[in-house]
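Trainee: Sequence below, structure please.
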Amino acid sequence: MSISRQNLSIVIVTFKSEVVIHECIKSIDKDIKITVIENSNNTLFKDELEATYNNVSCFLSSKNLGMGVGNNIGIKKTETDFVLILNPDVILEQTTINELIVASQIIPNFAILAPISSDVNYPNYKFDNDKKNIIKNESPFKVKSVDGFAMLFNKKKLDKIIDEDYFDENFFMYLENDDLCKRIVDAKEYIYIAPNSKIKHLGGKAVNIKYKNEVEFARNWHWIWSKFYFNKKHYG
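Mentor: Sure thing, here's the model as predicted:
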């Protein structure tokens, strides 16, 4: 089954993201439903989004539950067969969605399909260790994993191979996407990049800059924890 706008939803997890979220939402087609999971009890943020955008529903988690939990909540609230996970500091191009639809018609058996980062210096995907990150043509190509800031899920495919939540909720932030990708590859399913579908990732701009120090401390701690947990889980 290929993607259509009627069968596609978008989930965005936010936390103190009021500065960047509007640019992200404005880059998304107005006929696609967007579910925002705000990791706080910020009712003003929720009210502003829902009053400004007809295609946005915002849900408050009451506290910061992390990226994986927030995305799991958002995915469960969607009713479409395809869900695109975005970070709030991601901006789509005019053709991003169209090119994802085209790619899904070429490779309908994907578990995850991702657009490509417009910054060639920071590719949002990884091949197996024996391959280089070189794109030889414009056709969708298989990868080992994709970064979590933009991932399109084929829910019917994933629901057959993943009994539990898509994202392991023991990861607060970092490597929850690598964990999911590893489980998919281990299940002999496929992850693709659509090289004609491009996005701009601002990188590290999802949280208001005035919380820079607080966020930096949290990132350092969670990166170490996630590395430990990932290796313990998969390699003992």
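
Trainee: number of nearby residues for Thr35?
Mentor: 21 (other C-beta atoms under 10 Å). Every residue, glycine included, has its C-beta placed from N, CA and C.

Trainee: typo on my end, it should be Lys182
Mentor: For Lys182, using other C-beta under 10 Å, the count is 16.

Trainee: what's the single longest strand in the chain?
Mentor: strand 191-201 (DSSP state E).

Trainee: So which residues of this protein form helices?
Mentor: Using DSSP state H, the helices of the chain run over residues 21-26, 43-52, 67-77, 96-106, 155-161, 176-186, 212-235.

Trainee: So which elements touch the first one?
Mentor: To tie it back to what came earlier, the one meant is helix 21-26. Other elements packing on helix 21-26 under the criterion 3 or more C-beta pairs under 8 Å, 6 or more residues apart in numbering; DSSP states H and E are strand 8-14, helix 43-52, strand 90-92.

Trainee: Kindly export the longest strand of the chain (C-alpha atoms) in PDB.
Mentor: In PDB, the C-alpha atoms belonging to strand 191-201 read as follows (Å, rounded to 0.1, in the frame of the first residue of the first chain):
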ATOM      1  CA  ILE A 191      14.400   0.800   6.000                       C
ATOM      2  CA  TYR A 192      14.700   3.200   3.100                       C
ATOM      3  CA  ILE A 193      15.800   6.800   2.300                       C
ATOM      4  CA  ALA A 194      13.900   8.700  -0.300                       C
ATOM      5  CA  PRO A 195      16.700  11.000  -1.700                       C
ATOM      6  CA  ASN A 196      14.300  13.300  -3.600                       C
ATOM      7  CA  SER A 197      12.400  14.000  -0.500                       C
ATOM      8  CA  LYS A 198      14.400  16.700   1.400                       C
ATOM      9  CA  ILE A 199      14.100  18.300   4.800                       C
ATOM     10  CA  LYS A 200      16.100  20.900   6.700                       C
ATOM     11  CA  HIS A 201      17.000  20.000  10.200                       C
END
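
Trainee: Show me what it is packed against.
Mentor: Counting by 3+ C-beta pairs under 8 Å, 6+ apart, strand 191-201 packs on strand 90-92, helix 96-106, strand 112-117, strand 141-142, strand 145-146, helix 176-186.

Trainee: So what sits opposite the residue nearest to the spatial centre of the chain in the bridge?
Mentor: For the chain, the residue whose C-alpha lies nearest the mean C-alpha position (C-alpha atoms, centre = their mean) is Ile85; its distance is 3.2 Å. The residues listed as beta-bridge partners of Ile85 by DSSP bridges are Val11, Met151.

Trainee: I figured it was touching Phe153, is that so?
Mentor: Yes: Ile85 is in contact with Phe153 according to C-beta atoms under 8 Å; the separation is 7.0 Å.

Trainee: Least confident secondary structure element in the chain?
Mentor: helix 212-235 (a mean of 82; mean pLDDT, DSSP states H and E).

Trainee: Which strands and helices lie in contact with that helix?
Mentor: Using 3+ C-beta pairs under 8 Å, 6+ apart, helix 212-235 sits against helix 176-186.

Trainee: what angle separates the helix it packs on from helix 67-77?
Mentor: 60 degrees (axes from the mean of the first three to the mean of the last three C-alpha atoms, to 10 degrees).

Trainee: Can we start the residue count at 22 from this point?
Mentor: From this message on, residue numbering opens at 22, which makes the last subject helix 197-207.

Trainee: buried ones in helix 197-207?
Mentor: Under the neighbour-count criterion of 16 or more other C-beta atoms under 10 Å, helix 197-207 has 197-206 buried.
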